[in-house]
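In: Pasting the sequence and the predicted coordinates here, then a few questions.
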Amino acid sequence: MLGLKLPNTNKKFNCLGLRTVFYEILEILAIMTDKHSFGGIESKYTKFSTASVLLQSIPYDGTSTWGKGADSAFEAFIEASENMELYDIETDSEVYKKGIHILPEIDEIKSPEKVYSAVYNQTKKLLETDKFLTFLGGEHSISIGIIDAFKERYKNLTVLQLDAHADLRKSYNGSEFNHACAMHRASRSTNLIQVGIRSMDISEKQYMDYDKCFFAQEILDNTLWMDESIELMTDAVYISIDLDVFDLSIMPSTGTPEPGGLDWNVIIKYLRKVFDEKRVVGFDIVEFAPIKELRAPGFLISKLYYKLLSYKYYVEKG
Ligand SMILES: [Mn+2]
């Protein structure tokens with residue numbers, strides 16, 4: 001057997017087993033970046049060629065106003081996932097067997113504009129694979145390039161934004177690609193549904209569609225909003241989850257935490273309904289800024305990620 005011993009790893013890489021040079025390069029990059037695997041799953045479930053799910057890390061943290069740290073999110077997320085049970089009670093499934101491949105991270109950081117282009121171009125390429133695309137930030141500005149690529153692929157795209165902040169500013173600190181503008185473009189060119197909002201600037205009112213915005217204070221004491229918001233969605237839904245949608249008591253590790261947020265069980269119940277009734281075409285989870293010595297938020301995020309995959313493959317109807 002031909003084997004290639006790579007630096008800094010004990011893993012033997014078998015060059016004969018892979019179908020194309022493209023796949024080989026991706027596998028080599030994955031081993032060399034030594035990111036472990038999501039959930040510590042065996043290598044037979046992490047190969048690009050056979051995985052149903054692609055996980056793209058975009059650690060960009062350049063425009064965060066404070067609470068920097070979204071750039072160390074991926075490592076903390078993966079570390080927590082390695083200690084998580086991989087059997088999901090609710091769906092009676094082990095979705096990791098669909099295969100989860102971690103792509104080399106997008107490491108562009110020069111400017112918000114350059115990050116936007118890098119993310120947009122990479123997402124365009126990934127959309128050609130027909131695999132299920134998932135993204136982990138990084139700050140919320142990374143969603144702009146992703147959504148621009150998705151809306152070209154899926155006409156009539158709904159973007160479901162779970163967030164404490166409206167993120168509708170046209171530009172901020174001199175850039176349209178600032179995290180405070182994460183949903184401005186989506187609000188102009190997609191069917192944007194906003195859930196959990198409890199903080200915004202008065203200048204954002206002009207861009208907000210109040211019929212499609214479900215403010216936190218209006219949804220905390222009832223569940224009517226779940227069906228109401230889903231009725232407003234087109235069939236193809238891209239989900240963008242800013243972790244500050246959760247209450248800060250359970251998710252303090254974000255760039256700009258806000259009190260009065262949503263509970264884990266409420267968000268999970270809602271997301272399950274969305275997967276049950278719509279076709280979710282991809283999602284991102286952003287604004288994780290790990291706090292040293294505080295491990296619970298990493299577990300929440302890895303569980304959230306895994307729940308979304310379980311719903312995709314075991315709740316969504318063909
Ligand atoms: Mn936010």
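Out: Arrived safely.

In: State the number of residues packed around the one residue in the stretch 51-200 of the chain that gets nearest to the ion.
Out: Nearest residue of the stretch 51-200 of the chain to the ion (C-beta to the ion) works out as His165 at 3.6 Å. No exception for glycine: its C-beta is placed from N, CA and C like everyone else's. When neighbours are defined as other C-beta atoms under 10 Å, His165 has 27 of them.

In: And the closest residue to it other than its chain neighbours, how far from Tyr45?
Out: Spatial nearest neighbour of His165, excluding adjacent residues (C-beta to C-beta, 6 or more residues apart in numbering): Ser199 at 5.0 Å. The spacing between Ser199 and Tyr45, counted by C-beta to C-beta, to the nearest Å, is 40 Å.

In: More neighbours: which of these two?
Out: Comparing Ser199 with Tyr45 by other C-beta under 10 Å, the one with more neighbours is Tyr45, at 21 against 16.

In: what's the more buried one sitting at in phi/psi?
Out: phi -100, psi 0 (degrees, to the nearest 10).

In: Same question for Asn222.
Out: Dihedral angles for Asn222 - degrees, to the nearest 10 - are phi -160, psi 170.

In: And it, what's its pLDDT?
Out: On the pLDDT scale, Asn222 is placed at 95.

In: Let me know the distance separating it from Phe299.
Out: Counting by C-beta to C-beta - Asn222 and Phe299 are separated by 29 Å.

In: who has more neighbours, these two?
Out: Neighbour count, other C-beta under 10 Å: between Asn222 and Phe299, Phe299 has more, with 16 against 8.

In: mind checking which helix or strand the more buried one is in?
Out: Secondary structure from DSSP states H and E places Phe299 in helix 296-314.

In: residues in contact with the residue lying closest to Leu262 once chain neighbours are set aside?
Out: Sequence neighbours aside, Gly196 is the residue nearest to Leu262 in space, at 5.3 Å (criterion: C-beta to C-beta, 6+ apart). The contact partners of Gly196, taken as C-beta atoms under 8 Å, 6 or more residues apart in numbering, are 162-164, 214, 216, 219, 245, 261-262.

In: at 10 Å what do you get?
Out: 161-165, 213-216, 219-220, 241-242, 244-247, 258, 260-262, 266-267, 270 (C-beta atoms under 10 Å, 6 or more residues apart in numbering).

In: next one: Ile147
Out: 119-120, 123, 157, 159, 161, 182-183, 185-186, 189-190, 192, 238, 240, 282, 284.

In: mind listing the helices for the stretch 151-300 of the chain?
Out: 184-189, 216-219, 224-231, 264-277, 296-314 (DSSP state H, counting those that start in this stretch).

In: So which residues on the chain come close to the ion?
Out: 163-165, 242, 244 (C-beta under 5 Å from the ion).

In: So which of those belong to strands?
Out: Mapping the residues of the chain next to the ion onto strands (DSSP state E) picks out Asp242.

In: Export the residues of the chain next to the ion as TSV, with columns for pLDDT.
Out: Below are the residues of the chain next to the ion laid out as TSV (pLDDT from 0 to 100):
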residue	pLDDT
Asp163	98
Ala164	98
His165	98
Asp242	98
Asp244	98
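
In: what residue lies at the spatial centre of this protein?
Out: The centre of the chain sits closest to Asp284, judged by C-alpha atoms, centre = their mean, with a distance of 1.7 Å.

In: Phi first, then psi, for Lys131.
Out: phi -90, psi 170.

In: Can you tell me, leaving aside adjacent residues, what's nearest to Arg188?
Out: Nearest non-adjacent residue to Arg188 (C-beta to C-beta, 6+ apart): Tyr207, at 7.8 Å.

In: just to revisit the earlier point, filter the contacts of Ile147 down to just the ones in strands.
Out: Using DSSP E, those in strands are 159, 161, 192, 238, 240, 282, 284.

In: Could you identify the most distant pair in these?
Out: Leu192 and Gly282 (15.4 Å; C-beta to C-beta).

In: circling back: from the structure, what's the count of residues near the residue nearest to Arg188?
Out: The burial count for Tyr207: 17, using other C-beta under 10 Å.

In: quick one: it from the ion, how far?
Out: Distance, Tyr207 to the ion, by C-beta to the ion, to the nearest Å: 16 Å.
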